[in-house]
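> Turn this into a structure:
(chains A and B)
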Amino acid sequence: MTALYILTKYLTFPGALIRGMWEQAVCRICKVPVEDNRYLRKDEMISHVEHEFMPTARGAFAICFVPAFMNFIGAFFLCLIPIMFTLYARFDDTVLTLINSVAYWFAFSLMVNSYPLIEDAYNMMEKVYKQGNILQKILYAPAAAFLFIGAFVEKYCISFILGIALTVAIVLI
Amino acid sequence: MDELKKDGLPEEEENGLPEETVIPEEQEEEAGEQDTLSQELEGIRDMFQQELDKAASAAEAGMLIQELDNHEEYTEEDSEEEIPPEDLCQCCEEKIRFKEIDEDYPYCEDCRNAMKKYPMRKSGILAFLFSVIVLAASFYVSYPYMSDAITVADASANYKSGYVMSALQGYYSYFNGGKTAEGISKRAFDEILEGYNKLGYQTNSAQLINTYYSEEDLKKPQNKKYADMIKEATVLTETYDAVTAVTEDAFSGKDFDYDKVMAELDALKEAKPLEEGKSEVTEKYNEVFIEYYKFVLMSIEEKPVEEQLEQLKYIDTIGEGQEWVYLSNYCAIASRVGDEEAVNYSFDKILEINKEDSTAYISKANLYRFTEKPDADKMIEVCEEAKANLGTGDVSYKHPLAIAYLIKGEGTLALEEIEGLFNSGNYNVQNCNLYALVGLYNGDEKIYEDMKALLANYGYEISELVTQYKKDKITIEEIIKDQGGDI
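Modelled structure (predicted):
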């Protein structure tokens, strides 16, 4: 499973690199030490940075939420035009098709690499629901649930499979 | 001097007074005034010296302690050899681990602080910048086609949602832009053809195909479906020609032999136009079309609506894919018969093909009109549903809505609806008659006269039912319940 996980990450390396970058940026903002910031590596930490656990509920939520949010936003904008042109179904212009294909691949890679590391997800749940105040518990709940499930989805490469399924659906629509 | 030191100092310490206050009187007599002064000065000097010595000794002791402290700190910092290897920082391997974080924490405090500012990797930043460049490039190369793409995407979305008429309008504007065969969207092309065929515009399909495909292109196996569409359009056209030739008298209002014409229509089903040299394409006339014309003849002959419905139900068994030919009439006749099951069946089927088909709503509303006790509320409900689904373009539901208000006795609302229908350009005979009827119901004879004049301009007469209502020979209820077709 780890080999497949690493393979999918290498196939979607732009998203993996960008995900790692956002994660490190959050660590810097929260002043949390980063022990290893290699975004591409050959273990399960690929696309993530090794860092100390966030000490606060807000930080623990941010390390999961911000990279996911940024990647989803990026994926959304990058896939808009390619999807529109897939619906448009004009593939005679090579440059147009090629660039939009690259854009879609970027969008795909960002989407597949959006979810947090499972340890971070656990830490988020622990910090938010044991240390967080009532407002945080309520406000973070939908996103926290989504990210927590997403962490498992990514761990078992389901996000990659979902991405492929979505792509096929778009082409077939 | 020494005595003074020994004797005088205790007294001074005791009393806290200056030294001169303790000089004996005998000495004052023996020594001169000058000696006394110098002694006093010496006393003061000695006293200061003593204090100075005390302070110096105290200061000396303090410095030593400080030195000792400094010495200890220095020893602690520099005693690498004294730190056990397992306590050394894993990063710098020089300093002791920062165990305040955790007993097993592997780094020293300095390294930990440095890790908080771990430099960002260029690879991540480059990937981010590249994604922005890709987004910009995608937008740049796509921009010239954006308008067409949006039109097609919008039309396609409408088509997928079942709003076929809106989709066809979108596609029509797209294809009207002078596209070349290479530059057209395949999706748009396929969907507009499919849409045309669904709604019975096969001739338009054939024209569009001929615009972009030559005869040679249509012989290629990948274009077989387009060639088949052209063939289908040709068969329909030739069937129409054959059927109208047989039914010419019936449609022109002349006397005709119903049974003979029906038999001739049946004979067309067995005809072989291609072999008979009447066609270059059609091997067999379209049976659904022929059967539909039989229904039309039944309608002209004013056969019972139940019989007409049976004919339409038969057509439905053979008419898959050609629902556009008969389904609207199926729903309308079923509503006249009061066959709720048939109305619901055809209503759903019509909307499945095209959600913007107003005839389904009108027929369903009429189902609640042609009953023993017309149900105006249900009619209004169906019309409201039509209003929500048909959009602003199609207001034909206002006709049954106006009738529903007449049933409820709300003449003003009925007038509003029929006026709305008229103002949107729906001037057919039935709407004119209903407008005249609603006008009379509201006591406005001018509307009746206007409608009469309008119909006369086009060679029509106002309905006899409306005229009879004007003469109080028939009631609104009777018109609505039994004579619905005329208004």
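
> got the contact list for stretch B:353-366?
With contact meaning CB atoms under 8 Å, 6 or more residues apart in numbering or on different chains, stretch B:353-366 is reached by B:161-166, B:198-199, B:323-324, B:327-328, B:331-332, B:334-336, B:343-344, B:346-347, B:350-351, B:378-379, B:382-383, B:385-386, B:389-391, B:394, B:396-397, B:399-401, B:404, B:484. For glycine as for every other residue, the C-beta is placed from the backbone atoms N, C-alpha and C.

> which other residues reach stretch B:469-484?
Counting by CB under 8 Å, 6+ apart, B:336, B:366, B:369-370, B:374, B:403, B:406-407, B:437, B:440-441, B:445, B:448, B:465, B:468, B:486-487 sit against stretch B:469-484.

> Buried subset of those, written for PyMOL?
A single PyMOL command selects the buried members of the contacts of stretch B:469-484 (16 or more other CB atoms under 10 Å in any protein chain shown):
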select buried, chain B and resi 336+366+369+370+374+403+406+407+437+440+441+448+465+487
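
> So which elements touch the host helix or strand of residue B:154?
Assigned by DSSP states H and E, residue B:154 belongs to helix B:122-161. Here helix B:122-161 touches helix A:13-29, helix A:57-88, helix A:94-112, helix B:164-175, helix B:186-199, going by 3 or more CB pairs under 8 Å, 6 or more residues apart in numbering or on different chains; DSSP states H and E.

> winner for burial among the ones you listed?
Of the helices and strands packed on helix B:122-161, the one with the most neighbours on average (mean count of other CB atoms under 10 Å in any protein chain shown) is helix A:13-29, at a mean of 24.

> What is that one packed up against?
By 3+ CB pairs under 8 Å, 6+ apart, helix A:13-29 packs against strand A:34-36, strand A:50-51, helix A:57-88, helix A:94-112, helix B:122-161.

> Pull out the CA atoms of that helix and give them to me as CSV.
The C-alpha coordinates for helix A:13-29 follow below in CSV (Å, rounded to 0.1, in the frame of the first residue of the first chain):
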residue,chain,number,x,y,z
PHE,A,13,4.1,15.6,-7.8
PRO,A,14,3.1,19.3,-8.5
GLY,A,15,0.2,18.9,-6.0
ALA,A,16,2.5,17.1,-3.5
LEU,A,17,5.1,19.8,-3.6
ILE,A,18,2.5,22.6,-3.2
ARG,A,19,0.8,20.8,-0.4
GLY,A,20,4.1,20.4,1.5
MET,A,21,4.8,24.1,0.9
TRP,A,22,1.5,25.2,2.4
GLU,A,23,2.0,22.9,5.3
GLN,A,24,5.5,24.3,6.0
ALA,A,25,4.1,27.8,5.7
VAL,A,26,1.5,27.1,8.4
CYS,A,27,4.3,25.7,10.6
ARG,A,28,6.3,28.9,10.1
ILE,A,29,3.3,31.1,10.9
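
> Rounded mean pLDDT for that helix, please.
The average pLDDT within helix A:13-29 is 93.

> Spell out, range by range, the strands that occur in the stretch 201-350 of chain B.
Under the criterion DSSP state E, counting those that start in this stretch, the stretch 201-350 of chain B carries no strands.

> What ranges does it have for its helices?
Counting by DSSP state H, counting those that start in this stretch, the stretch 201-350 of chain B has helices at residues B:202-212, B:215-218, B:224-251, B:258-270, B:287-300, B:305-318, B:323-337, B:340-353.

> how far does the fourth one sit from the chain's center?
This means helix B:258-270. 52 Å (CA atoms, centre = their mean, to the nearest Å).

> Could you do stretch B:352-365 as well?
Worked out by CA atoms, centre = their mean, stretch B:352-365 lies 24 Å from the chain centre.

> Over to stretch B:458-477?
For stretch B:458-477, the distance to the chain centre is 48 Å (CA atoms, centre = their mean).

> what bits of chain A have low per-residue confidence?
Scanning chain A for pLDDT under 70 picks out A:89-92, A:173.

> which residues touch the residue nearest the centre of chain A?
Centroid-nearest residue in chain A, with CA atoms, centre = their mean: residue A:114, separated by 0.8 Å. Listed by CB under 8 Å, 6+ apart, the contact partners of residue A:114 are A:15, A:19, A:67, A:68, A:71, A:72, A:75, A:150, A:154, A:159.

> Between those residues, which sits nearest residue A:85?
Taking CB to CB as the measure, residue A:85 lies nearest residue A:75 of those, at 16.3 Å.

> Correct me if wrong: the closest one contacts residue A:107.
Yes. In this structure residue A:75 lies within contact range of residue A:107 using CB atoms under 8 Å: 4.4 Å.

> about what we covered before: wait, is the residue nearest to the centre of chain A part of a strand?
No. Going by DSSP: H, G, I helix; E, B strand; the rest coil, the assignment for residue A:114 is coil, not a strand.

> Kindly provide the distance from it to residue A:82.
Applying CB to CB, to the nearest Å, the value for residue A:114 to residue A:82 is 18 Å.

> what's the spacing between the residue nearest to the centre of chain A and chain B?
Distance from residue A:114 to chain B, counting by CB to the nearest CB, to the nearest Å: 14 Å.

> ok, now how distant is that residue from residue A:84?
Applying CB to CB to residue A:114 and residue A:84 gives a distance of 22 Å.

> cool, and residue B:247?
49 Å.

> for residue B:457, same thing?
50 Å.

> so what's the nearest residue to residue A:116 once chain neighbours are set aside up against?
Of all residues not flanking residue A:116 in the chain, residue A:64 sits nearest, at 3.8 Å (CB to CB, 6 or more residues apart in numbering or on different chains). The contact partners of residue A:64, taken as CB under 8 Å, 6+ apart, are A:116, A:120, A:121, A:124, A:144, A:147, A:151.

> Could you dump the residues you listed into CSV and include secondary structure?
Below are these laid out as CSV (three-state DSSP):
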residue, secondary structure
A:116, coil
A:120, helix
A:121, helix
A:124, helix
A:144, helix
A:147, helix
A:151, helix
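
> Could you count how many residues lie near residue B:285?
A count of neighbours around residue B:285, defined by other CB atoms under 10 Å in any protein chain shown, yields 25.

> surely it meets residue B:237?
No. The pair residue B:285 and residue B:237 fails to qualify as a contact (CB under 8 Å) at a distance of 10.8 Å.

> Ramachandran angles for residue A:135?
When read as degrees, to the nearest 10, the backbone of residue A:135 gives phi -60, psi -40.

> what about it, how many residues close to it?
8.

> Likewise for the one 5 residues further on?
Residues near residue A:140, counting by other CB under 10 Å, number 23.

> How about the one 5 residues further on?
Residue neighbour count, defined by other CB under 10 Å, stands at 11 for residue A:145.

> if I've got this straight, it is in a helix?
Yes. Under three-state DSSP, residue A:145 falls within a helix.

> Make CSV out of the helices and strands packed on helix A:13-29 and add distance to residue A:42.
Shown next, in CSV, are the helices and strands packed on helix A:13-29 (distance: least, CB to CB, whole Å):
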stretch, distance to residue A:42
strand A:34-36, 13
strand A:50-51, 14
helix A:57-88, 21
helix A:94-112, 18
helix B:122-161, 15
